[in-house]
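Give me a 3D structure for the following:
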Amino acid sequence: MNITLTERPRTGPASEAARTAFSPEGRTILVVDDYPSLGEMTAAVLRGSGYRVLTASSGENALRLLPKNGDTKIDLLLTDYEMPLMRGDELARRFHDALPDGRVVMMSSAPQTDSPLWCEFLPKSFHLDVLLAKVESALTDGGKS
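This next block holds a predicted model:
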């Protein structure tokens, strides 16, 4: 699998306004990918944009990170779809059951998956600005929930 994360230049007043209108500060994202290097690279991009990021390399590990008894809130699950043992759609359902206000973005190198209707979809491979825009959209517009 070859994933390319690249940054397209942002120029002009519209992109400047978009960057100042939304603040990722205080938002927590759980990134789940069975390719740890891809998950860490995605997490680094999100951290560099101001998000607090948790990572897991499987659905099972991700479920262990879900908040219990008032722990840190997770605002968004950003998960790969195709993973061994637990696919992303099952993880998304369990995340949504545990955190109904949480948002979900499903990533996949396959065409649109049969992910739950309330999930956003992000096709791999993606540009960094597309990743950040999808995350921001899910957090501000409420995704498809």
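
which residues in this protein form helices?
Using DSSP state H, the helices of the chain run over residues 12-21, 36-48, 59-64, 88-98, 128-140.

middle-most residue in this structure, spatially?
Against the mean C-alpha coordinate of the chain, by CA atoms, centre = their mean, the closest residue is Leu78 at 2.3 Å.

and Val31, how many residues sit next to it?
Applying other CB atoms under 10 Å, we find 28 residues neighbouring Val31. C-beta coordinates here come from the backbone N, C-alpha and C atoms, glycine included.

Also the one 5 residues further on?
Pro36 has 12 neighbours, counted by other CB under 10 Å.

got it, and Thr140?
11.

Quick check: the gap between it and Arg52.
From Thr140 across to Arg52, the span is 17 Å (CB to CB, to the nearest Å).

likewise Pro67?
For Pro67, the distance to Arg52 equals 13 Å [CB to CB].

quick one: which of those two has more around it?
Neighbours per residue (other CB under 10 Å) separate Pro67 from Arg52, with Arg52 holding more: 16 against 13.

Please name the residues that touch the more buried one.
Gly26, Arg27, Thr28, Ile29, Thr72 (CB atoms under 8 Å, 6 or more residues apart in numbering).

Hmm, Gly50 is touching Pro24, no?
Yes: with contact defined as CB atoms under 8 Å, Gly50 reaches Pro24; the gap is 4.1 Å.

So between those two, which is more surrounded?
Neighbour tally, Gly50 and Pro24, criterion other CB under 10 Å: the higher count belongs to Pro24, 18 against 12.

Which residues are in contact with Met83?
Applying CB under 8 Å, 6+ apart, the residues near Met83 are Val32, Asp33, Asp34, Ser58, Gly59, Leu91.
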